[in-house]
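> A structural model of the following input is requested.
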Amino acid sequence: MVASVKGSLKRLYEAIPFKREFFGLVRSIMPVPEPVFRHLHFKGVFKVPVDSRGSFRMMHHGYVIENELFWRGLKGWEHVSLELWQRLCHRSDTILDIGANTGVYAMLAQAVNPDATIIAVEPVARVFQKLQANAALNGARVHTVCAAVSDHTGTATLYDLPDSEHVLSVSLDPEWNKQSTRLRPVEVPTTTVLDLLRTHGKEKASLLKIDVETHEPAVLEGCGTLLKEHRPTLLIELLNDDVAARVATYVDGLGYEFYNVDDVTWPPPRVATLGRSGHFNFLICQPDVARAIGL
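Residues are numbered from 1 along each chain as shown. A predicted model of the protein is given here:
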């Protein structure tokens with residue numbers, strides 16, 4: 001009975017017209033607290049202001065990331081990570097968004113640096129379709145690739161939640177989220193960072209965002225000599241100490257600085273070693289890059 005009532009209320013809410021316009025008016029008049037706006041979602045296109053120079057467009061499908069961006073702008077979702085990313089994109093010419101989901105980081109990169117080559121990679125076909133649609137909303141200048149980035153080009157088994165309309169977290173790692181009874185293996189194409197770059201006529205990348213749910217070491221393995229030869233900046237997810245220790249083997253001795261991003265503290269604190277991140281991400285960059293973006 002309760003489920004039936006909730007379903008009826010949900011359908012009634014979804015049928016209400018002009019929610020985007022009304023919510024936009026409310027947002028312009030007064031701040032709406034998170035406990036309230038998390039229930040006020042809609043489906044449709046909206047703009048995310050970046051700075052005085054522009055914005056980017058996203059399709060709101062009723063999910064949490066887009067809802068946070070609609071109500072709070074770039075302060076709404078991973079706001080410290082997005083602030084770092086914005087500053088880094090200004091000074092980067094080839095940018096990879098690995099594990100792009102619907103493309104928030106990629107679209108922001110295009111908005112702040114339209115002259116950069118931006119490649120967004122997402123392995124889940126139904127999510128990739130949303131990424132492609134968002135790229136099209138912004139002039140289709142972001143290169144989108146439906147694949148998983150790993151240590152080889154070919155195919156691999158992705159552990160997905162195929163009964164979910166949308167997912168934020170899937171992995172090639174069979175140990176990831178193995179306690180879930182809903183995970184199902186799906187074969188997907190794979191590529192490497194080096195092959196991605198070659199396909200797009202590039203020899204190196206200056207900035208990589210890597211969010212692949214504990215598969216990050218394999219992504220770095222597929223970078224070949226990129227890290228040693230070119231020292232790109234990494235905004236990378238480190239979900240546990242084991243992944244962090246394995247990532248460290250690829251960057252130790254290369255002069256990198258480490259910043260633990262808890263998505264609350266600004267500036268993020270510099271730390272001596274890599275470990276499980278305070279929230280999701282670590283920034284790994286050269287000292288001159290850190291100084292250039294105000295760290």
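> Name the residues that touch stretch 79-94?
50, 74, 95, 104-105, 108-109, 112-113, 115-117, 119, 197, 202, 204-207, 209, 233, 235, 261-266, 268, 280-281, 283, 285, 289, 292-294 (Cβ atoms under 8 Å, 6 or more residues apart in numbering). All C-beta spots, glycine's among them, are computed from the backbone N, C-alpha and C.
> Among these, name the buried ones.
Among the contacts of stretch 79-94, those classed as buried by 16 or more other Cβ atoms under 10 Å are 50, 74, 95, 104-105, 108-109, 112-113, 116-117, 119, 197, 202, 204-207, 209, 233, 235, 261, 263, 268, 280-281, 283, 285, 289, 293.
> From these, which land in strands?
V50, I95, T117, I119, L207, K209, T233, L235, V261, N281, L283, C285 (DSSP state E).
> biggest separation within the residues you listed, which pair?
T117 and V261 (24.7 Å; Cβ to Cβ).
> Pick out the residue closest to the middle of this protein.
Taking Cα atoms, centre = their mean, the centroid of the chain lies closest to A100, which sits 4.7 Å from it.
> Excluding chain neighbours, what is closest to it?
In space, and not counting its chain neighbours, A100 is closest to A120: 3.9 Å by Cβ to Cβ, 6 or more residues apart in numbering.
> cool, K47 as well?
Using Cβ to Cβ, 6+ apart, the closest residue to K47 is S55 (4.6 Å).
> Confirm that the one you found sits in a strand.
Yes: under DSSP: H, G, I helix; E, B strand; the rest coil, S55 falls within a strand.
> Could you measure from it over to L108?
Between S55 and L108 the computed distance is 10 Å (Cβ to Cβ, to the nearest Å).
> just checking, the residue nearest to K47 touches V48?
Yes: assessed by Cβ atoms under 8 Å, S55 is found in contact with V48 at 5.7 Å.
> Which residue ranges of the stretch 1-150 of the chain form helices?
Assigned by DSSP state H, counting those that start in this stretch, the stretch 1-150 of the chain shows helices spanning 2-15, 19-29, 34-37, 64-72, 79-89, 104-112, 125-137.
> which of the ones you listed sits most buried?
Mean neighbour count, computed with mean count of other Cβ atoms under 10 Å, is highest for helix 104-112 among the helices of the stretch 1-150 of the chain, reaching a mean of 25.
> How far does it sit from its chain's centre?
10 Å (Cα atoms, centre = their mean, to the nearest Å).
> quick one: it to helix 79-89, angle?
Interaxial angle of helix 104-112 relative to helix 79-89 (axes from the mean of the first three to the mean of the last three Cα atoms, to 10 degrees): 40 degrees.
> picking up where we left off before, could I get the helices of the stretch 1-150 of the chain as a markdown table with distance to E213 and mean pLDDT?
Shown next, in a markdown table, are these (distance: least, Cβ to Cβ, whole Å; pLDDT from 0 to 100):
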| stretch | distance to E213 | mean pLDDT |
| --- | --- | --- |
| helix 2-15 | 29 | 61 |
| helix 19-29 | 31 | 91 |
| helix 34-37 | 25 | 93 |
| helix 64-72 | 16 | 95 |
| helix 79-89 | 16 | 97 |
| helix 104-112 | 16 | 97 |
| helix 125-137 | 13 | 97 |
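> In CSV, list those along with distance to E221.
Formatted as CSV, the helices of the stretch 1-150 of the chain follow (distance: least, Cβ to Cβ, whole Å):
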stretch, distance to E221
helix 2-15, 44
helix 19-29, 44
helix 34-37, 39
helix 64-72, 29
helix 79-89, 23
helix 104-112, 22
helix 125-137, 23
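> T191: which of the ones you listed is closest?
helix 125-137 (13.4 Å).
> Just the angle for the closest one relative to helix 104-112, thanks.
10 degrees.
> other SSEs contacting helix 125-137?
strand 54-60, helix 104-112, strand 143-145 (3 or more Cβ pairs under 8 Å, 6 or more residues apart in numbering; DSSP states H and E).
> Any idea which of the ones you listed gets closest to E257?
Counting by Cβ to Cβ, E257 lies closest to helix 104-112 out of the helices and strands packed on helix 125-137; the figure is 21.0 Å.
> what residues does that closest one touch?
Identification of contacts with helix 104-112 by Cβ under 8 Å, 6+ apart yields 48, 50-51, 53-58, 65, 69, 74, 77, 82, 85-86, 89-90, 92, 95, 97, 100, 116, 118, 120, 131, 134-135, 138-139, 141-142, 209.
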